[in-house]
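Chemist: Show me how the following folds:
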Amino acid sequence: MIFIRKLYLMTFARPMNKTFSLASPQRQGCKATIGILIAALCVGSAVGQDDWRSGMKTINPQVSDTFEIDETLVKAAGIQKISGTHIDLYTDVRDEQTINELVTAFDQAVSQWCTYFGLSVESAELWKMRAFLIADKANSVQFQRAGLMPPDLPNFKAGFQRRHNFWLYLQPGNYYTRHLLLHEGTHGFMLWFLGGHGPAWYSEGMAELLGVHRWNENRLQLNHRLRSREEAEYWGRVKRIRDERNTENELDLEDVLNIPPAGFNNVRYYAWAWAGCEFFQNHPKTKQLFSQLPELAKLDEARFNREFLELLGNNLEGLKRDWLLFINEIDYGYSVPRGCLSKATPSSSRSGSPQTKFQISAERSWQITNQNVQQGERFRIKSSGEFVVGQSNPQTPWKCEANGITIQYHRGRPLGRLQVGILDLNAKTAEQQVKGLLTPLDIGLSGVISAPTDGVLCFRINESPAFLDDNQGALEVVIEKLE
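Modeler: Here you go, the predicted structure:
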């Protein structure tokens, strides 16, 4: 405005030695020039406030937002605004470090969302959302005075995303607040760049999956494999699954796909939806198929699920078994690839020998042999070999034999001890098929078993699939049928 005033004085102030009429061409040209400059500056100011909306429309013109913010009211209500590249955060939280970290984390998340969904980082340069972080759920009066709580906003428990905007309440612990911010941000990103969220299980499951993160020295890592509860204070999804397994609240794999949208009024379904996406994302038979689902996100629930089930095809029955193994031993750090059923490696035996031999890897959970058994049949099982079942540090591996080691226990048995289970592939349901793996028989170095049911013999060392990564080696198992 100072520039305009100077320009006005230069143009209209009467010179000492020259006069000209207001109607003169020179005077009219100057007036037009000033008018254009003033209009350009005013328009430029408006564009500075709303240019991100224009950018958003170029990304997805189908999404619009008429929610206007009066910044004067915002300031008068005591709400502060902190802006990043991809977020404007409005909040009554007064912890500067917390709110600055949230803005930084959101900005860093955008490039990682792009990578996960197969988009170029450049495609999201103009993408931006507005977040409203409320310190006290019971008292949002400041936001109401500021006009930041539209009258049609639904009553939400933790967070809610709509078009350009999302609202969230401050959560206990920095991790969970950051998780909720990233959860709602994932919803917004999927809406803009995928054209939709897909069915409820996929929408909320993906928001949970990509909300799980690691924050260290101001650096964000999305889709992080949590190793302990301490990494994700107050998140609680793993505990929820543990509490509900083997109860009427347990969900099988198809139950997860059919969680209704209204189900997410109950926090328990967020845990199951996350577990479903965690399972599909990492299972060897679904990893590639799951990566294709963003292409289906704009479809309605019925068609999305139908096409996904068609992609799964004949793998579904095996996946149901692996799902039950997953939720039965779910833990922080659980490795789905190591925890799913795999094939044991046959060892050579002398021709005509009544014995069969297999190599059982210490790096995988249940491994299927080709040794069929009938209920009541007796077998002698012997094992040999040494393997690594963990380590105090890279220079101190925990060497182990099939009897296990008592430095640590898993489910009441020595770590690394050989176990046998029976998989009944002829049973009608996945629950009945894996029942013998959920209640394994203890073998150790050697032992005799009487088959409690028909099926096929499976072996593993006694350890949670959450801690198999640092194992090495295998042991040899010899199976001899007794008369």
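Chemist: which residues of the stretch 301-450 of the chain fall in helices?
Modeler: Here the stretch 301-450 of the chain has its helices, by DSSP state H, counting those that start in this stretch, at 301-312, 316-328, 336-339, 430-438.
Chemist: Using CSV, lay out those helices together with mean pLDDT, distance to residue 195 and mean neighbour count.
Modeler: For glycine as for every other residue, the C-beta is placed from the backbone atoms N, C-alpha and C. Listed next are those as CSV, based on pLDDT from 0 to 100; distance: least, Cβ to Cβ, whole Å; neighbours: other Cβ atoms under 10 Å:
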stretch, mean pLDDT, distance to residue 195, mean neighbour count
helix 301-312, 96, 12, 15
helix 316-328, 97, 27, 19
helix 336-339, 98, 29, 20
helix 430-438, 97, 34, 19
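Chemist: Residue ranges in the stretch 251-400 of the chain under the pLDDT threshold?
Modeler: Applying pLDDT under 70 to the predicted model, the residue ranges of the stretch 251-400 of the chain that meet it are 349-353.
Chemist: between the helices of the stretch 301-450 of the chain, which gets nearest to residue 395?
Modeler: If you check each of the helices of the stretch 301-450 of the chain against residue 395 by Cβ to Cβ, helix 336-339 wins as the nearest, at 24.0 Å.
Chemist: packing partners for that closest one?
Modeler: The criterion is 3 or more Cβ pairs under 8 Å, 6 or more residues apart in numbering; DSSP states H and E, and the helices and strands that helix 336-339 contacts are helix 268-282, helix 316-328.
Chemist: Compile those into JSON lines and extend it with columns for distance to residue 380.
Modeler: What follows is these, written out as JSON lines (distance: least, Cβ to Cβ, whole Å):
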{"stretch": "helix 268-282", "distance to residue 380": "37"}
{"stretch": "helix 316-328", "distance to residue 380": "27"}
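Chemist: Between the helices of the stretch 301-450 of the chain, which one is closest to residue 356.
Modeler: helix 430-438 (18.8 Å).
Chemist: Go ahead and produce CSV holding the CA coordinates of that closest one.
Modeler: Listed in CSV are the C-alpha atoms of helix 430-438, where the atom choice follows Å, rounded to 0.1, in the frame of the first residue of the first chain:
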residue,chain,number,x,y,z
ALA,A,430,-10.7,-73.3,9.3
GLU,A,431,-11.1,-73.3,13.1
GLN,A,432,-11.4,-77.1,13.2
GLN,A,433,-8.5,-77.5,10.7
VAL,A,434,-6.0,-75.6,12.8
LYS,A,435,-7.2,-76.7,16.2
GLY,A,436,-4.3,-79.1,16.6
LEU,A,437,-1.8,-76.3,15.9
LEU,A,438,-3.3,-74.1,18.5
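Chemist: pLDDT weak spots in the stretch 1-150 of the chain?
Modeler: When the per-residue scores of the stretch 1-150 of the chain are filtered using pLDDT under 70, the ranges that remain are 1-51.
Chemist: What residues sit buried inside stretch 66-78?
Modeler: By neighbour count, and taking 16 or more other Cβ atoms under 10 Å as the criterion, the buried residues in stretch 66-78 are 69, 74, 77.
Chemist: Next: stretch 104-117.
Modeler: By neighbour count with 16+ other Cβ under 10 Å, stretch 104-117 contains the buried residues 104, 105, 106, 108, 109, 110, 111, 112, 113, 114, 116, 117.
Chemist: Which pLDDT value goes with the spatially most central residue of the chain?
Modeler: Within the chain, one residue has its C-alpha closest to the average C-alpha position: by Cα atoms, centre = their mean, that is residue 209, at 0.7 Å. Here the pLDDT value assigned to residue 209 is 98.
Chemist: I'd guessed it sits against residue 276; true?
Modeler: No. At 9.4 Å, residue 209 does not count as touching residue 276 under the criterion of Cβ atoms under 8 Å.
Chemist: Spit out the contact partners of the closest residue to residue 328 other than its chain neighbours.
Modeler: In this structure, residue 328 finds its nearest non-sequential neighbour in residue 438, 5.6 Å apart by Cβ to Cβ, 6 or more residues apart in numbering. Applying Cβ atoms under 8 Å, 6 or more residues apart in numbering, one finds that residue 438 lies in contact with 324, 325, 328, 421.
Chemist: rerun at 10 Å
Modeler: Residues counted as contacts of residue 438 (Cβ atoms under 10 Å, 6 or more residues apart in numbering) are 246, 324, 325, 328, 329, 421, 431.
Chemist: measure the third one to residue 211 for me?
Modeler: To residue 211, residue 325 is 25 Å away according to Cβ to Cβ, to the nearest Å.
Chemist: With the second one instead?
Modeler: Note on residue 324: its distance to residue 211, by Cβ to Cβ, is 26 Å.
Chemist: Domain boundaries for the protein, per the record?
Modeler: For the chain, the structural domains run 2-59, 71-195, 229-338, 341-482, going by automatic domain parsing.
Chemist: Would you format those as a markdown table with distance to residue 65 included?
Modeler: As requested, the domains of the chain are arranged in a markdown table below (distance: least, Cβ to Cβ, whole Å):
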| stretch | distance to residue 65 |
| --- | --- |
| domain 2-59 | 7 |
| domain 71-195 | 4 |
| domain 229-338 | 19 |
| domain 341-482 | 43 |
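Chemist: and residue 204, which of those is closest to it?
Modeler: Distances from residue 204 to each of the domains of the chain were compared by Cβ to Cβ, and the smallest falls on domain 229-338, at 4.5 Å.
Chemist: hmm, back to that, of the helices of the stretch 301-450 of the chain, which is nearest residue 182?
Modeler: Evaluated with Cβ to Cβ, these place helix 336-339 nearest to residue 182, the distance being 21.7 Å.
Chemist: how much space between the residue nearest to residue 373 when sequence neighbours are not counted and residue 438?
Modeler: Among residues not flanking residue 373 along the chain, residue 451 sits closest, at 4.2 Å (Cβ to Cβ, 6+ apart). Going from residue 451 to residue 438 by Cβ to Cβ gives 16 Å.
Chemist: and what of residue 369?
Modeler: The separation that residue 369 has from residue 438, given Cβ to Cβ, amounts to 18 Å.
Chemist: Could you do residue 399 as well?
Modeler: Counting by Cβ to Cβ - residue 399 and residue 438 are separated by 29 Å.
Chemist: cool, and residue 347?
Modeler: Spatial separation of residue 347 from residue 438 under the definition Cβ to Cβ is 27 Å.
Chemist: ditto for residue 220
Modeler: Note on residue 220: its distance to residue 438, by Cβ to Cβ, is 37 Å.
Chemist: Can you show me the helices along the stretch 51-200 of the chain?
Modeler: 71-76, 96-116, 141-145, 174-194, 200-209.
Chemist: elements contacting the second one?
Modeler: To tie it back to what came earlier, the one meant is helix 96-116. Contacts defined by 3 or more Cβ pairs under 10 Å, 6 or more residues apart in numbering; DSSP states H and E place helix 96-116 against strand 80-83, strand 87-91, strand 129-134, helix 174-194, strand 213-216, strand 219-222.
Chemist: neighbours around residue 314, how many?
Modeler: Residue 314 sits with 7 neighbouring residues when counted by other Cβ atoms under 10 Å.
Chemist: Do I have it right that residue 80 meets residue 95?
Modeler: No. When contacts are counted by Cβ atoms under 10 Å, residue 80 is not listed as touching residue 95 (11.4 Å).
Chemist: circling back: turn the contacts of residue 438 into a markdown table, including distance to residue 254.
Modeler: Output for the contacts of residue 438, formatted as a markdown table (distance: Cβ to Cβ, whole Å):
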| residue | distance to residue 254 |
| --- | --- |
| 246 | 18 |
| 324 | 12 |
| 325 | 16 |
| 328 | 17 |
| 329 | 21 |
| 421 | 24 |
| 431 | 13 |
